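1. structure for this input, please:
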Amino acid sequence: QVQLVESGGGLVQAGGSLSLSCAASGRTLNSSIMAWFRQAPGKEREFVAGISWSGGITYVPDSVKGRFTISRDNAKGTVYLQMNNLKPEDTAQYYCAARDGFPIYDAATNYDYWGQGTQVTVSS
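-> Numbering: from 1, shown residues only. Modelled structure (predicted):
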């Protein structure tokens, strides 16, 4: 089994930055795709970033490109999401997810493991 625990959420003003962390425990995730999703009230869960097991391949959708960066440290079992120039529409619960194998999917149904989420609120 795999456990994922997110941290780093909070309240920030528009234009500010936050860094989220996802600590993985259980079996090794060194061969897994890791991703971040977010979900705002009344909306579907949305993919915001994914990273390959080596960290050499990353993917972020156009909605956050240039503002969000994903990285991982396999030695620490941690995945990070650096969020810059935050906007009120970035307000959501942010979730860490993992799946075995390639490629990086942007559909939540392709991920096997999920954290409990961390809240990000961006004030205008």
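
2. now the strands for this protein?
-> Using DSSP state E, the strands of the chain run over residues 2-7, 10-13, 18-26, 32-39, 46-51, 58-59, 68-73, 78-83, 92-100, 113-114, 118-123.

3. closest one to residue 107 among these?
-> Distance to residue 107, taken as Cβ to Cβ, is lowest for strand 46-51 among those, at 7.3 Å. Bear in mind the C-beta positions are built from the backbone N, C-alpha and C, glycine included.

4. what strands line up against the closest one, and which way round?
-> Paired strands of strand 46-51, with direction, are strand 32-39 (antiparallel), strand 58-59 (antiparallel) (DSSP bridges).

5. and it with strand 78-83, angle?
-> In terms of direction (axes from the mean of the first three to the mean of the last three Cα atoms, to 10 degrees), strand 46-51 departs from strand 78-83 by 130 degrees.

6. with mean neighbour count, mean pLDDT and distance to residue 106 added, can I get the strands of the chain in TSV?
-> Formatted as TSV, these follow (neighbours: other Cβ atoms under 10 Å; pLDDT from 0 to 100; distance: least, Cβ to Cβ, whole Å):
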stretch	mean neighbour count	mean pLDDT	distance to residue 106
strand 2-7	17	94	18
strand 10-13	13	98	25
strand 18-26	18	93	17
strand 32-39	24	95	8
strand 46-51	23	97	4
strand 58-59	16	94	8
strand 68-73	18	95	13
strand 78-83	22	96	15
strand 92-100	21	95	11
strand 113-114	17	94	15
strand 118-123	17	98	19
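
7. would TSV of these with distance to residue 107 be doable?
-> Formatted as TSV, the strands of the chain follow (distance: least, Cβ to Cβ, whole Å):
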stretch	distance to residue 107
strand 2-7	18
strand 10-13	28
strand 18-26	19
strand 32-39	10
strand 46-51	7
strand 58-59	13
strand 68-73	17
strand 78-83	18
strand 92-100	10
strand 113-114	13
strand 118-123	21
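
8. bridging residues for the residue nearest in space to the middle of the chain?
-> Central residue of the chain (Cα atoms, centre = their mean): residue 36, 2.1 Å from the mean position. Beta-bridge pairing for residue 36 (DSSP bridges): residue 49, residue 96.

9. right, I'll leave it there.
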